[in-house]
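**Student:** here is a sequence with its predicted model. Questions after.
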Amino acid sequence: MEKQPLLNTFINNVDMNETLTEIEEMISKEKKSYIVAINVDVVMKIENDQYLKKIVDSADMVLVDGKPLVWISKMHGKPLKAKISGSDLVPLLCEVAAKKNYSMFIIGGKDGIAEQAKKRLEEKLPNIRIVGTYAPPMGFEEDKAELDKINKMISDARPDLLIACFGCPKQEKWIYENISKYDAKVSVCAGATVDFLAGNVKRAPRWMSEHGLEWFYRFLQEPRRMFKRYFVDDVKIIKLIEKYK
């Protein structure tokens, strides 16, 4: 699928229906693929991390998760069709998976959260096939034995869809470095989605999301953890708008 430039990377200009259709095509082709979603925070990380840039640029699909990037695309004369966040995409993928009998594996989150997400999804979608969940310990990405264990666990389950929820850049780097070592058709970087699926973290009201205020809702939930990200790191996006116009 063709990509277009946006600031320091390249993205797929697709709406939600086109995204779901493309993912189904990836599954049918049985070619290992991975999907990333970028927001202002990821763009700022890419600017200072060439390895992460390589990973994002190499992804089979790059989605835009953030209204500010939609606004920037309009400023640069290449408007995006839609904002597509992992927390919107994955629930719809779950519905498609339940209808089409695609299998899923959820990895990430704190201990027990992925399993909690599985139970809630099974209550809502009785036909869904979640063939595995796992919450890796802290530092797993530096532990070869743990990585081998995870890769075997996924390969034994052979999911059509692998939903990885470690946050950026950990999930992107883990998928890039391990996709050839585990047997899953489509790997999706989904950030905090596992917490939303489990019901232990509430999403912003839709009106806030549609008006670009989801970040502010998250800040109000975790002000100490999110202050630097939103008010120190991400405001530097203003310089990039001029740099890459």
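**Tutor:** Cool, got the structure. Residues are numbered from 1 along each chain as shown.
**Student:** switch to C-alpha atoms for all contacts and neighbour counts from now on
**Tutor:** Noted.
**Student:** need the contact list for Ile72.
**Tutor:** Ile241 (C-alpha atoms under 8 Å, 6 or more residues apart in numbering).
**Student:** in a helix, it, correct?
**Tutor:** Yes: Ile72 sits within a helix when classified using DSSP: H, G, I helix; E, B strand; the rest coil.
**Student:** tell me which element Tyr34 falls in.
**Tutor:** strand 33-38 (DSSP states H and E).
**Student:** pLDDT of the following helix or strand past that strand, averaged?
**Tutor:** Using DSSP H and E, the helix or strand that follows strand 33-38 in sequence is helix 40-47. Averaging pLDDT along helix 40-47 gives 93.
**Student:** how distant is the helix or strand following helix 40-47 from the center of its chain?
**Tutor:** Proceeding N to C from helix 40-47, the next assigned helix or strand is helix 50-58, under DSSP H and E. Distance, stretch centre to chain centre, for helix 50-58: 15 Å (C-alpha atoms, centre = their mean, to the nearest Å).
**Student:** got it, and stretch 78-93?
**Tutor:** For stretch 78-93, the distance to the chain centre is 10 Å (C-alpha atoms, centre = their mean).
**Student:** quick one, helices of this structure?
**Tutor:** In the chain, the helices defined using DSSP state H lie at 16-29, 40-47, 50-58, 67-75, 86-100, 113-124, 144-157, 170-178, 193-198, 206-210, 214-221, 223-228, 237-243.
**Student:** hmm, which helix or strand of this structure has the shakiest average pLDDT?
**Tutor:** In the chain, the helix or strand scored least confidently by mean pLDDT, DSSP states H and E is helix 214-221, which has a mean of 67.
**Student:** hmm, back to that, tell me the angle the strand holding Tyr34 makes with helix 170-178.
**Tutor:** 160 degrees (axes from the mean of the first three to the mean of the last three C-alpha atoms, to 10 degrees).
**Student:** Glu242: neighbouring residues, count only.
**Tutor:** Residues lying near Glu242 (other C-alpha atoms under 10 Å) number 10.
**Student:** quick one: low-confidence parts of this protein?
**Tutor:** 203-205, 208, 211-213, 215-220, 226-227, 229-234 (pLDDT under 70).
**Student:** and Ala37, how far from Ala192?
**Tutor:** Distance, Ala37 to Ala192, using C-alpha to C-alpha, to the nearest Å: 12 Å.
**Student:** just Lys202 next, same as before
**Tutor:** 11 Å.
**Student:** ok, the two, which is more surrounded?
**Tutor:** Neighbours were tallied for Lys202 and for Ala192 using other C-alpha under 10 Å; the higher tally belongs to Ala192 (19 against 13).
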